[in-house]
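A.B. asks: Give the three-dimensional model of this entry:
(one chain, ligands or ions: 3)
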Amino acid sequence: MRKLTLIVTTGLLVSISCNKSSRQDESSGADEPAAVTLRNCASNDVLQEQLKADPSLAARMESIEAFTRRISQNPAEASRLLPGGIIEIPVVVNVLYRTAAENISQAQIQSQIDVLNEDFAALNSDYNNTPAIFQAVRSGDIKIRFVLDQVIQKRTSKKSWGTNDAMKKTSSGGIAPTSPATKLNLWSCNLGGGILGYAQFPGGNSATDGVVIDNNAFGSTGTVSAPYNKGRTATHEVGHWMNLRHIWGDASCGNDQVDDTPQHNAANYGCPAAGHQSTCTGRPVEMTMNYMDYTDDACMYMFSAGQKTRMLAIFASGGPRASFAQ
Ligand code: ARG
Ligand code: ZN
Ligand code: CA
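C.D. replies: Ligands and ions are numbered 1, 2, ... in the order given. This is a model prediction of the structure:
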């Protein structure tokens, strides 16, 4: 267990931990259960590396946190600061391929854009599976739309990529992001180490901004592999890119900075039975179907209203992704 505790200027305690012991390499065998082999909280691993490498990042993220709290506590201010209506996000898809199969098709790329649009508009067909106890806190339409801007393909001799951002740099055989201040960059490549994807949180370096997704978890058709074949890795990672934390707060009974999501004692995997209870104070029922948990694609289908507010805050005037909402 690796644990990093950051005490930042305003006194907010950000505690992030990753349980490395559950991580297994893909090479450990094809008959390992996929739920174990394809799991890793890579976004937080990457964040911790960035926090170590860049001494100013913690303060920048804390001021984003203070801004988010201010906007979230005053929804009238949020709606005043946001340009009326819907935020449209142009998406650049950067495809790195060694084999023909890794050069994912246009149909597979479009399927990912379609899933993002369904999930962020709450138009996904499984949205109505939300249990009665959580229906009052469902997000509804987040009012963010994604449009495919361009696809950039590049052949590589690399068999697999890690979480060191090499795929985002020309100097290491990757593809640099296109207009990261106004476009969401996605990278599709073969990620090793059983990682499905990882995102960079708001506040990070624009040269590495965006979301990386393993080619076998990209979209909902073509080379996708169950149980990560419904495009929800991108929904989860774009959630991080829009400042959402894991629902368990990356700690035992941790805080995800969202009031309407219950405390979880840890990440959930697979497809938990209805009514699964937390061991945290009050033993609340966990929101295992939230996109920011670690359940299978078929078993995650909603954001909460509080998560919507938190995501929209970053696009408000003065927020870290305001340049997307001009
Ligand atoms: N392990 C990934 C991360 O946070 C995301 C997991 C996505 N889950 C899924 N069912 N697709 O870095
Ligand atoms: Zn995550
Ligand atoms: Ca919460």
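A.B. asks: Ligand 3 versus Gln271, what's the distance?
C.D. replies: Slight slip there: residue 271 is Cys, not Gln. 22 Å (CB to the ion, to the nearest Å). (Each C-beta comes from the backbone N, C-alpha and C, glycine too.)
A.B. asks: Correct me if wrong: that residue contacts Tyr294.
C.D. replies: No. Contact criterion CB atoms under 8 Å: Cys271 and Tyr294 do not qualify, at 11.4 Å.
A.B. asks: Which one's more surrounded, these two?
C.D. replies: Remark: of Cys271 and Tyr294, Tyr294 carries more neighbours, 21 against 15, as counted by other CB atoms under 10 Å.
A.B. asks: Distance of that one relative to ligand 1?
C.D. replies: 5 Å (CB to the nearest ligand atom, to the nearest Å).
A.B. asks: Name the SS class of the residue of the stretch 201-326 of the chain found nearest ligand 1, please.
C.D. replies: Residue nearest to ligand 1 within the stretch 201-326 of the chain: Thr233 (3.8 Å; CB to the nearest ligand atom). Classification of Thr233 using DSSP: H, G, I helix; E, B strand; the rest coil returns helix.
A.B. asks: tally of neighbours for it?
C.D. replies: 29.
A.B. asks: how about the helices in the stretch 101-250 of the chain?
C.D. replies: Along the stretch 101-250 of the chain, counting by DSSP state H, counting those that start in this stretch, helices occupy 106-120, 132-135, 232-241.
A.B. asks: Spatially, which residue comes closest to Glu254, not counting chain neighbours?
C.D. replies: Wrong residue type there; residue 254 is Gly, not Glu. Excluding its sequence neighbours, the residue lying closest to Gly254 (CB to CB, 6 or more residues apart in numbering) is Trp248, at 5.7 Å.
A.B. asks: and the gap between the residue nearest the centre of the chain and ligand 3?
C.D. replies: Nearest to the mean C-alpha position of the chain, by CA atoms, centre = their mean, lies Glu237 at 1.8 Å. Between Glu237 and ligand 3 the distance, using CB to the ion, works out to 20 Å.
A.B. asks: Tell me if I'm right that that residue and Ile213 touch.
C.D. replies: Yes. Glu237 lies in contact with Ile213 (CB under 8 Å); the separation is 6.6 Å.
A.B. asks: Please list the residues of the stretch 201-326 of the chain that sit near ligand 3.
C.D. replies: Proximity of the stretch 201-326 of the chain to ligand 3, by CB under 5 Å from the ion, involves residues Asp256, Val258, Thr261.
A.B. asks: joint contacts of Cys271 and Tyr294?
C.D. replies: Common neighbours of Cys271 and Tyr294, counting by CB atoms under 8 Å, 6 or more residues apart in numbering, are absent.
A.B. asks: sorry, back to before: mind putting the helices of the stretch 101-250 of the chain in TSV, mean pLDDT and distance to Thr208 included?
C.D. replies: Shown next, in TSV, are the helices of the stretch 101-250 of the chain (pLDDT from 0 to 100; distance: least, CB to CB, whole Å):
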stretch	mean pLDDT	distance to Thr208
helix 106-120	98	20
helix 132-135	97	35
helix 232-241	98	12
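A.B. asks: secondary structure element for Leu47?
C.D. replies: Under the criterion of DSSP states H and E, Leu47 resides in helix 42-53.
A.B. asks: The helix or strand that that helix is followed by to helix 42-53, inter-axis angle?
C.D. replies: Under the assignment DSSP H and E, the closest C-terminal helix or strand after helix 42-53 is helix 57-73. Between the axis of helix 57-73 and that of helix 42-53 there is an angle of 130 degrees, by axes from the mean of the first three to the mean of the last three CA atoms, to 10 degrees.
A.B. asks: So which bits of helix 57-73 are buried?
C.D. replies: Leu57, Ala58, Met61, Glu62, Ile64, Glu65, Phe67, Thr68, Ile71, Ser72 (16 or more other CB atoms under 10 Å).
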